[in-house]
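Chemist: Below is the sequence, then the predicted model.
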Amino acid sequence: MIISITMNPSVDISYPMEEFTLDTVNRVKNVTKTAGGKGLNVARVLHQTKAEVLASGMIGGHLGEFIETELEKEGIQHHFFAINGQSRNCIAILHEKKQTEILEQGPVITEEEAEHFLKFFEQLIEQADLLTFSGSLPAGLSDDYYAKLIHLCNKKNKDVILDCSGKALQEVLSKKDKPLLIKPNKEELAALIGKPVQISVGELKNILSSSLFDDIEWVVVSMGKNGAFAKHRNTFYQVTIPKIGVINPVGSGDATIAGFAQSLANYQSDETILKHGNALGMLNAQEKITGRVNMQNYHNLVDQIKVTQV
């Protein structure tokens, strides 16, 4: 089983409008509300690919209950840790081919809740073959909280895919316990090394060979329409993807993580891991709804992805 962790899930609200005008009333008809958060997108895609997946993390209040209800409607297994605070709303206003987002911070986690979650999590991971951690940490949790979770996983020999950025990622990289795979994009990689990143094989090989990434088996740099660049132990790969018609790119990174998780859990080849992850990411980009993939298009797409050792 793959367990997908979302520490700060949300109710994602979409307001499609022909026009959005400031300082006046804007009315909207077709509102959609879904269980959101990067890790829930991962779980949703895994569920669509028929993988056995469990969604977990922290939720609270009536919005947390809504998240659980929505997952149940989709048939996605879940087991969350209940907190006293209220889970958050995240609003996307779709207007004039633009997207304006209003993201609530979410609940503030108490020290007691943080400690109790560690005990809850230690029991939860017993049933996992592999875990994914996605997204930001809620307020109240220390920057090294993901590092604490990874330490618990490593003690039980459970592999972890980590998809986060900023201080939380920096803390993990500074600790002895490492995840199996991380997936920074170009901007996140630049923030880690403190300078802009040029998309060239030579520079990417040099950056990923630095001591910053020691003991992380997989580092995959996602580069949007330019595909990806990956390091698996001491082998480097360039991933070239076909041009596609993009409808909604939001959540494509989460779908990619889902693909990596599924292939890694099944001990597949490097080429298959990279192709499967990137194919699911592109399938998500071709759908209007975030966290959706049309598997009927899978084989046509995956056959066009090229993985080259460099």
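Modeler: Received, thanks.
Chemist: what residues are up against A92?
Modeler: Neighbouring residues of A92 by Cβ atoms under 8 Å, 6 or more residues apart in numbering: 12-15, 99-102, 250. The way it works is simple: take the backbone N, C-alpha and C, and place the C-beta from them, glycine included.
Chemist: let's go with 7 Å and repeat that
Modeler: 12, 14, 99, 101 (Cβ atoms under 7 Å, 6 or more residues apart in numbering).
Chemist: Then I305?
Modeler: So I305 contacts 239, 241, 275, 278-279 (Cβ under 7 Å, 6+ apart).
Chemist: Just the CA trace of the helix or strand bottoming out on mean pLDDT in the chain, in CSV.
Modeler: Lowest on mean pLDDT, DSSP states H and E among the helices and strands of the chain sits strand 98-103, with a mean of 89. Output of strand 98-103 as CSV, limited to C-alpha atoms (Å, rounded to 0.1, in the frame of the first residue of the first chain):
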residue,chain,number,x,y,z
LYS,A,98,-6.2,33.9,-15.8
GLN,A,99,-6.2,32.3,-12.4
THR,A,100,-6.2,34.3,-9.2
GLU,A,101,-5.7,32.3,-6.0
ILE,A,102,-6.6,33.1,-2.4
LEU,A,103,-5.0,30.6,-0.1
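Chemist: What strands line up against it, and which way round?
Modeler: Strand 98-103 sits in its sheet next to strand 88-95 (antiparallel), going by DSSP bridges.
Chemist: Between the two ends of stretch 152-168, what distance do you get?
Modeler: Terminal residues of stretch 152-168 lie 16 Å apart, using Cα to Cα, to the nearest Å.
Chemist: Double-check that I150 belongs to a strand.
Modeler: No - I150 is assigned helix when assessed by DSSP: H, G, I helix; E, B strand; the rest coil, not a strand.
Chemist: Let me know whether it touches V172 as I believe.
Modeler: Yes - proximity of I150 to V172 meets the contact threshold set by Cβ atoms under 7 Å, at 6.4 Å.
Chemist: Find the residues that touch each one of these two.
Modeler: P179.
Chemist: Next, work out how far apart K186 and I199 are.
Modeler: According to Cβ to Cβ, to the nearest Å, K186 and I199 sit 7 Å apart.
Chemist: so L280 touches A261, yeah?
Modeler: No - in this structure, L280 is not within contact of A261 by Cβ under 7 Å, at 10.1 Å.
Chemist: what's the neighbour count on T21?
Modeler: Other residues within reach of T21, judged by other Cβ atoms under 10 Å, total 9.
Chemist: and it, what pLDDT?
Modeler: With respect to pLDDT, T21 scores 95.
Chemist: ok but it is inside a helix, no?
Modeler: No - using three-state DSSP, the assignment for T21 is coil, not a helix.
Chemist: ok, now how distant is it from I93?
Modeler: 11 Å.
Chemist: go on, F213?
Modeler: From F213 to I93 the distance is 38 Å (Cβ to Cβ).
Chemist: In PDB, list the C-alpha atoms belonging to stretch 35-51.
Modeler: The C-alpha coordinates for stretch 35-51 follow below in PDB (Å, rounded to 0.1, in the frame of the first residue of the first chain):
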ATOM      1  CA  ALA A  35     -11.000  17.800  -1.300                       C
ATOM      2  CA  GLY A  36      -7.700  19.500  -2.100                       C
ATOM      3  CA  GLY A  37      -4.100  19.600  -1.200                       C
ATOM      4  CA  LYS A  38      -1.100  18.100  -3.000                       C
ATOM      5  CA  GLY A  39      -1.100  14.800  -1.200                       C
ATOM      6  CA  LEU A  40      -4.800  14.300  -1.900                       C
ATOM      7  CA  ASN A  41      -4.100  14.900  -5.600                       C
ATOM      8  CA  VAL A  42      -1.500  12.200  -5.400                       C
ATOM      9  CA  ALA A  43      -3.900   9.800  -3.700                       C
ATOM     10  CA  ARG A  44      -6.600  10.600  -6.300                       C
ATOM     11  CA  VAL A  45      -4.400   9.800  -9.200                       C
ATOM     12  CA  LEU A  46      -3.100   6.600  -7.600                       C
ATOM     13  CA  HIS A  47      -6.700   5.500  -7.000                       C
ATOM     14  CA  GLN A  48      -7.500   6.100 -10.700                       C
ATOM     15  CA  THR A  49      -4.600   3.900 -11.700                       C
ATOM     16  CA  LYS A  50      -6.000   1.100  -9.500                       C
ATOM     17  CA  ALA A  51      -3.100   1.400  -7.000                       C
END
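Chemist: Give the buried residues for that stretch.
Modeler: 35-49, 51 (16 or more other Cβ atoms under 10 Å).
Chemist: and it, average pLDDT?
Modeler: 96.
Chemist: what separates that stretch from the chain centre, distance-wise?
Modeler: Chain-centre distance of stretch 35-51: 9 Å, with Cα atoms, centre = their mean, to the nearest Å.
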